[in-house]
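In: Okay, sequence plus prediction incoming.
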Amino acid sequence: MSSAQASKIAAEKNLDLVMISPNAKPPVCKIMDYGKYRFEQARREKEKRKNQKIVDTKEVRLSLNIDTHDFNTKLNHALKFISKGDKVKVSIRFRGREMGHPELGTEIMNRFSQACAETAVVEKPPKLEGRNMLMFLAPKPTK
């Protein structure tokens, strides 16, 4: 039907004529209460935002010559963060001559990821970026 005829029908019913797909041949329109439609849409969006969880990234810094007790303390902190649902960024800063031994940093990172294997998965494996080696751990997905 013509657009004038459609708008006349919409005016009789006290509703709006809303163009659904203007690029179609002929253009497709719908008679509806547009204010109510927008309200419903906003309410659905608000409900979606309320149900989504915000994931934070926490950082745990290790050193190249870390002792076992310090390692376990850092590990416990990381496990606590992961159990709360946060991602963990594990980093090692290489200073001075330590830059000559990146394999030691990789070894510590692998030991850390194996200790977290029950509750976390490695999102990004250890990678040397400048003077820092970074690795990201994420909580294991629940089934």
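Out: Perfect, I can see it now. Numbering: from 1, shown residues only.
In: alpha carbons only for contacts and neighbour counts from here, please
Out: Will do.
In: Only the C-alpha atoms, please, for the longest strand along the chain, written as PDB.
Out: In the chain, assigned by DSSP state E, the strand with the most residues is strand 120-129. C-alpha atoms of strand 120-129 as PDB (Å, rounded to 0.1, in the frame of the first residue of the first chain):
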ATOM      1  CA  ALA A 120      43.500 -21.700  35.900                       C
ATOM      2  CA  VAL A 121      44.400 -22.000  32.200                       C
ATOM      3  CA  VAL A 122      47.200 -20.100  30.400                       C
ATOM      4  CA  GLU A 123      45.600 -17.500  28.300                       C
ATOM      5  CA  LYS A 124      48.800 -16.200  26.800                       C
ATOM      6  CA  PRO A 125      52.100 -18.200  27.300                       C
ATOM      7  CA  PRO A 126      55.200 -16.500  28.700                       C
ATOM      8  CA  LYS A 127      56.600 -13.900  26.200                       C
ATOM      9  CA  LEU A 128      59.500 -11.600  26.600                       C
ATOM     10  CA  GLU A 129      58.600  -7.900  25.800                       C
END
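In: How far away from the center of its chain is the following helix or strand past that strand?
Out: In the C-terminal direction, the helix or strand that comes right after strand 120-129 (DSSP states H and E) is strand 132-139. Taking C-alpha atoms, centre = their mean, to the nearest Å, the mean C-alpha location of strand 132-139 is offset from the chain mean by 15 Å.
In: now swap in stretch 31-45 and tell me
Out: If you compare the mean C-alpha spot of stretch 31-45 with that of the full chain, they lie 28 Å apart, counting by C-alpha atoms, centre = their mean.
In: Which positions in that stretch come out as buried?
Out: Applying a neighbour-count criterion of 16 or more other C-alpha atoms under 10 Å, one finds residue 31 buried in stretch 31-45.
In: what does stretch 115-134 give?
Out: Those buried within stretch 115-134 under the rule 16+ other C-alpha under 10 Å are 116, 120, 121, 122, 125, 126, 127, 128, 132, 133, 134.
In: How far away from the center of its chain is it?
Out: Relative to its chain's centre, stretch 115-134 lies at 17 Å (C-alpha atoms, centre = their mean).
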